[in-house]
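Enquirer: Whatever this is, show me its structure:
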Amino acid sequence: MILTVAAFKMLALTCGPSVHVETLASVARAESSFNSLAIGDNTAGRSYAPASVEQAIQTANALIARGHSLDLGLMQINTKNLRGLRMSVADAFDACKSMAGGARVLVEGYRPAGSEDNQATLLRALSHYNTGNQQRGFTNGYVRRVQYAAQQVVPAIRLGGSPVVVTGPEGGEGAVIVQPPAPPPAPPSWDMYASARYRRDNGDVVAVQPQAQPQQSPQALTPAGSAGPAPVMLQAAPAGSPASGM
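Expert: Residues are numbered from 1 along each chain as shown. This is a model prediction of the structure:
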């Protein structure tokens, strides 16, 4: 089932309150295009779009039995993370439970380093969400993809006219300068499902226009269990015509 942006935001306020709703929506768009039944098969390199929850569960269980690594549901929770999140395969296809699990993974990866800009910390959390590592998500293009998704479906998080510096694990060596993201490259033509989704995301639909935001921006993620500022939004890609690839 594909959720509308409005439906997603209403659920997110209850199901994933520790992450800013627009940041969570950007991840969901990049991961599943808001399809709560999406299955990504990392082992076979293909995607599935089941027609029902029952079919999604059956397909996922069959692939897991064959040893496949899968990303499941709205937030594309990886099967290796289900146990740690206390989620079942069926839970992964429940939109609210998927948001809660995805928000928890993001919060676990949100580790402020001293006086580091909160956007840089958030970008490292996104890298961790995708790879389990706070740097590899930059090199594989995932962070850029989520930033671009932010421009497409939600009001601009913090317009990305300037690069963001993301420090290494201890704020020293390994700093990465993240330029405002370009659109992701098109998938191979033989992958009809991914190609259709790419056309929908980047060419065949009208992007939601950014709305003016207050000058004071809220904080991005609030570590679980801590009292602090309200969660903040991610930095979106700059507005403009998407390129066709890299």
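
Enquirer: and stretch 10-29, which residues are buried?
Expert: For stretch 10-29, the neighbour count (16 or more other CB atoms under 10 Å) marks 11-12, 15-29 as buried. Heads up, the C-betas are built off the backbone N, CA and C, glycines and all.

Enquirer: my bad, stretch 84-98
Expert: 85, 87, 89-95, 97-98.

Enquirer: in the chain, which ranges drop under the pLDDT threshold?
Expert: Within the chain, the ranges that satisfy pLDDT under 70 run 153-184, 191-246.

Enquirer: which stretches of it form helices?
Expert: 5-15, 21-32, 53-65, 89-92, 95-109, 118-131, 136-139, 142-153, 192-202 (DSSP state H).

Enquirer: closest to residue 74 out of these?
Expert: helix 95-109 (4.2 Å; CB to CB).

Enquirer: re earlier: would you mind saying which of the helices of the chain lies nearest residue 41?
Expert: helix 53-65 (6.1 Å).

Enquirer: Which secondary structure elements does that closest one sit against?
Expert: strand 39-41, strand 70-72, helix 89-92 (3 or more CB pairs under 8 Å, 6 or more residues apart in numbering; DSSP states H and E).

Enquirer: re the thing from before, export the buried residues of stretch 84-98 to a markdown table and append columns for distance to residue 54.
Expert: Converted to a markdown table, these look like this (distance: CB to CB, whole Å):
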| residue | distance to residue 54 |
| --- | --- |
| 85 | 22 |
| 87 | 18 |
| 89 | 12 |
| 90 | 10 |
| 91 | 14 |
| 92 | 14 |
| 93 | 9 |
| 94 | 13 |
| 95 | 16 |
| 97 | 17 |
| 98 | 17 |
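
Enquirer: Tell me which residues touch the nearest residue in space to residue 42 that is not next to it in sequence, please.
Expert: Nearest non-adjacent residue to residue 42, counting by CB to CB, 6 or more residues apart in numbering: residue 69, 4.3 Å away. Listed by CB atoms under 8 Å, 6 or more residues apart in numbering, the contact set of residue 69 reads 41-43, 78-80.

Enquirer: Just the buried residues of those.
Expert: Buried among those by 16+ other CB under 10 Å: 41, 78-79.

Enquirer: which among those gets closest to residue 57?
Expert: residue 79 (12.6 Å).

Enquirer: what about the closest one, distance to residue 5?
Expert: 27 Å (CB to CB, to the nearest Å).

Enquirer: circling back to that earlier point, closest one to residue 34 out of the buried residues of stretch 84-98, please.
Expert: Nearest to residue 34 among the buried residues of stretch 84-98, with distances taken as CB to CB, is residue 95, at 9.1 Å.

Enquirer: Surely residue 82 and residue 90 touch.
Expert: No. Shown here, residue 82 and residue 90 do not form a contact pair, counting by CB atoms under 8 Å, at 10.4 Å.

Enquirer: Now the common contact residues for these two.
Expert: By CB under 8 Å, 6+ apart, no residue touches both residue 82 and residue 90.

Enquirer: For the closest residue to residue 29 other than its chain neighbours, give its distance to residue 55.
Expert: Setting aside the residues directly before and after it, residue 29 is nearest to residue 149 in space (CB to CB, 6+ apart), at 4.1 Å. According to CB to CB, residue 149 and residue 55 sit 26 Å apart.

Enquirer: Could you check which of these two has the larger neighbour count?
Expert: residue 149 (24 against 15; other CB atoms under 10 Å).
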